[in-house]
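>>> Below are the sequence and a predicted model; questions follow.
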Amino acid sequence: MLGTASASGNIHIYCDGAARGNPGPAALGVVAFAHGRTVKLSEFKDNPQCSLFYCAEFLGHATNNEAEYQAIIRALEECRKRNIHLPVLCSDSELVIRQLQGKYRVREPRLKKFFEHVKALLAELSATVKHIPREKNTIADFLANSALDQKHHGRK
């Protein structure tokens, strides 16, 4: 986890969860940028400090949707810690974003606890959620898969 600033408004946080096997080994990736900045994956790899903060964490055994929710929770908890309000959380998970927007119901009992936690954090931080195409979420995807790869290679 890195970060150099705390701020409010106009902060976009990209979140991704990944599970291999669904359920299976899972991880999350989160990266935040200020002022609506767009950063290419290659630029981020060369200079991760171009972000406000980022994280890549192995979660253990989970489904992909559980990992997606945990990525959003991790992002919002980091915002709370850094006193960041009004962030825009961007995810390529249509299911999770539509559930948070009230367009889809949460039917899976295991997701309900994550849903309730996220809704409370969203309200506390006046945060919004936005669905984005997968190709606009490459850095968070890279971070989640890096955490999975690191854990996998660590077991060898």
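Cool, got the structure. Residues are numbered from 1 along each chain as shown.
>>> State the phi and psi torsions of G36.
Dihedral angles phi and psi of G36 (degrees, to the nearest 10) take the values phi 60, psi 20.
>>> can you start the count at 240 instead of 1 from here on
Happy to do that; since the first residue is 240 now, the last one works out to G275.
>>> so what's it scoring on pLDDT?
At G275, the pLDDT value in this model is 78.
>>> try S385
97.
>>> That one is in what secondary structure piece?
helix 377-394 (DSSP states H and E).
>>> how far is that helix from where the chain is centred?
What separates the centre of helix 377-394 from the centre of its chain is 14 Å, taken as Cα atoms, centre = their mean, to the nearest Å.
>>> for stretch 314-333, same thing?
When distances are taken as Cα atoms, centre = their mean, stretch 314-333 is centred 8 Å away from the chain's centroid.
>>> picking that back up, point out the other helices and strands that the helix holding S385 packs with.
The contact analysis (3 or more Cβ pairs under 8 Å, 6 or more residues apart in numbering; DSSP states H and E) places helix 377-394 against strand 250-258, strand 263-273, helix 280-285, strand 292-301, helix 303-321. (C-beta placed from N, C-alpha, C; glycine too.)
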